[in-house]
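Q: Predicted model and sequence below, questions to follow.
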Amino acid sequence: MSEISDKEFEVLEAIWNGAPVSAKEVVQRLNAQGSWHEKTVKTLLGRLVKKGALDFQRDGRSYLYTPRLTRSEYVQKKSTGLVERMFNGNIGALVAGFANSRKLQQRDIEELKAFIDQWEREND
């Protein structure tokens, strides 16, 4: 899948909140958070289809859009790509970067410890 822009991601978020969905419904969902023009949304939907992020089917005179992957699958793919590209696959370097910049909160540390504990139990 090609790179997804920030605006395209917002459109995907609206679709992940319930699909299949028409372009009109996507516009309504997005307008609940800001001001979006129907033409802009349709352009972004077309780009997302070309990039392989969305499927569509004809429904009368309109189209219904469905994501080709879940939000969690997308986040996993992007996270893995980031770690590979920026940290040569070393997730410890990513965490160390956050810790050294003081962006790591106590809650984050507790979640990481819990994740590591669970991973160790499942992979022993």
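A: Right, received. Where do you want to start?
Q: okay, CA-based contacts and neighbour counts for the rest of this
A: Fine.
Q: now the residue lying closest to Val83 once chain neighbours are set aside, what's its secondary structure?
A: The shortest distance from Val83 to any non-neighbouring residue, by CA to CA, 6 or more residues apart in numbering, is to Gly89 (5.1 Å). When classified by DSSP: H, G, I helix; E, B strand; the rest coil, Gly89 comes out as coil.
Q: try Ser35
A: If you use three-state DSSP, then Ser35 falls in the coil class.
Q: I'd like the distance between it and Ile109.
A: Here the criterion is CA to CA, to the nearest Å. By it, Ser35 lies 37 Å from Ile109.
Q: which non-adjacent residue is nearest Ser22?
A: Beyond its immediate neighbours in the sequence, the residue positioned closest to Ser22 (CA to CA, 6+ apart) is Leu64, lying 4.6 Å away.
Q: which SSE is the one you found in?
A: With elements taken from DSSP states H and E, the one containing Leu64 is strand 62-67.
Q: Can you tell me which helices and strands that strand packs against?
A: Counting contacts by 3 or more CA pairs under 8 Å, 6 or more residues apart in numbering; DSSP states H and E, strand 62-67 packs against helix 6-16, strand 21-22, helix 23-31, strand 54-59.
Q: Output these as CSV; include the columns distance to Val95, mean neighbour count and mean pLDDT.
A: Rendered in CSV, the data for these read as follows (distance: least, CA to CA, whole Å; neighbours: other CA atoms under 10 Å; pLDDT from 0 to 100):
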stretch, distance to Val95, mean neighbour count, mean pLDDT
helix 6-16, 24, 17, 96
strand 21-22, 38, 19, 96
helix 23-31, 33, 18, 96
strand 54-59, 32, 14, 95
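Q: of those, which approaches Arg85 most closely?
A: helix 6-16 (19.1 Å; CA to CA).
Q: what inclination does the closest one have with respect to strand 62-67?
A: Angular relation of helix 6-16 and strand 62-67 on a 0 to 180 degree scale: 100 degrees, by axes from the mean of the first three to the mean of the last three CA atoms, to 10 degrees.
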